[in-house]
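**Q** return a 3D structure for these sequence lines:
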Amino acid sequence: MTITAIILSHYKEREGNLKRIVDDLLAGTVKPSKIIIIIDNPDIKYEDERATIISSDKTFLPIIRFAIGSICDTDYCFFIDDDIGVRSNTLYNFTQYADEDVVLGLEGNRLAEGNNPYTKGETFNRNDYGSWVDVDIIIRTYFVSPKICGQAIRLFSLYKDLPRKNVDDVYLCLSSQHNYIIPVNEQTDITELGECGVGQSYDGEHYKNRDLVCKELR
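**A** Reported below is the predicted structural model:
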């Protein structure tokens, strides 16, 4: 099984996390075959010969990472936010549950009925549930096939009148038939590296956009 790890780096404040993320990925019992870092902030000067770095002076919507994943020659893509590090068996754990038709993650949301399905939904944090937990939206880490990445891009292209910001993971998960949170333990969990005071959720439109797109697409 081949795995390509993909990290989107936008926030200068989090640049210091990148080396730690790469170090952790390459120290695991299962290592990615390739690491891609997408940098869309010219103030970020990170260089690392262990990774393929795609740099742009133009800011992209976060769904760019799924577009790149859709064309990767790999069995699975592992997308991780730039405020998270993996542990020794994190990737190994994902491989034990891998399915090309499923989005896997460690945290998520089960949507509610009504006009605010995301913000009124049930939140599932990382935990050892002992079995898969079926959710509607996975957040922060995604283990997924390039096929589903392609489905997300197609769905994104069909709804040009809906909000485009803050919803890349919504399109990914709602283009998939199944999204599961998998069990974790001390060795298979992730490590919080810190938001550094920035992030999509700090955008005042974040939850409003997520509610609207979830309502329309579900």
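**Q** from here on, just use CA atoms for contacts and neighbour counts.
**A** Noted.
**Q** thought Asp168 was touching Ile63?
**A** Yes. Judged on C-alpha atoms under 8 Å, Asp168 makes contact with Ile63 at a distance of 4.9 Å.
**Q** if you count surrounding residues, which of the two has more?
**A** Each of Asp168 and Ile63 has its neighbours counted (other C-alpha atoms under 10 Å); Ile63 has more, 23 against 20.
**Q** any idea how far the more buried one is from Glu47?
**A** 23 Å (C-alpha to C-alpha, to the nearest Å).
**Q** check which helix or strand Glu49 maps to.
**A** Under the criterion DSSP states H and E, no helix or strand holds Glu49.
**Q** backbone dihedrals for it, both of them.
**A** phi -70, psi -10 (degrees, to the nearest 10).
**Q** that one: how many residues sit nearby?
**A** For Glu49, using other C-alpha under 10 Å, the count is 6.
**Q** which phi and psi does the residue of the chain positioned farthest from its centre have?
**A** In the chain, the residue that sits farthest from the middle, by C-alpha atoms, centre = their mean, is Gly114; the gap is 25.9 Å. Main-chain torsions, Gly114, degrees, to the nearest 10: phi 100, psi -170.
**Q** what's the distance between it and Ser70?
**A** With C-alpha to C-alpha as the criterion, Gly114 and Ser70 are 32 Å apart.
**Q** repeat for Val103
**A** For Val103, the distance to Ser70 - C-alpha to C-alpha - is 14 Å.
**Q** neighbour count winner among these two?
**A** Set Val103 next to Ser70 and count neighbours by other C-alpha under 10 Å: Val103 wins out with 28 against 22.
**Q** just the pLDDT for the more buried one.
**A** Val103 is assigned a pLDDT of 98 by the prediction.
**Q** and it, how far from Phe143?
**A** 6 Å.
**Q** and Tyr159, by the same measure?
**A** 24 Å.
**Q** same check on Phe94?
**A** Distance from Phe94 to Phe143, by C-alpha to C-alpha: 7 Å.
**Q** need the overlap of contacts for the two.
**A** Leu104 (C-alpha atoms under 8 Å, 6 or more residues apart in numbering).
**Q** neighbour count winner among those two?
**A** Just comparing Phe94 and Phe143: by other C-alpha under 10 Å the higher neighbour count belongs to Phe143, 26 against 22.
**Q** in contact with that one, which residues?
**A** Contacts of Phe143 by C-alpha under 8 Å, 6+ apart are 76-79, 94, 98, 103-105.
**Q** secondary structure and distance to Arg164 added to those, as TSV?
**A** Converted to TSV, these look like this (DSSP: H, G, I helix; E, B strand; the rest coil; distance: C-alpha to C-alpha, whole Å):
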residue	secondary structure	distance to Arg164
Tyr76	strand	25
Cys77	strand	22
Phe78	strand	22
Phe79	strand	19
Phe94	helix	29
Ala98	coil	29
Val103	strand	21
Leu104	strand	23
Gly105	strand	22
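**Q** farthest-separated two in these?
**A** Farthest apart among the contacts of Phe143 by C-alpha to C-alpha are Phe79 and Ala98. That separation is 14.1 Å.
**Q** between these two, which is the more surrounded one?
**A** Phe79 (21 against 18).
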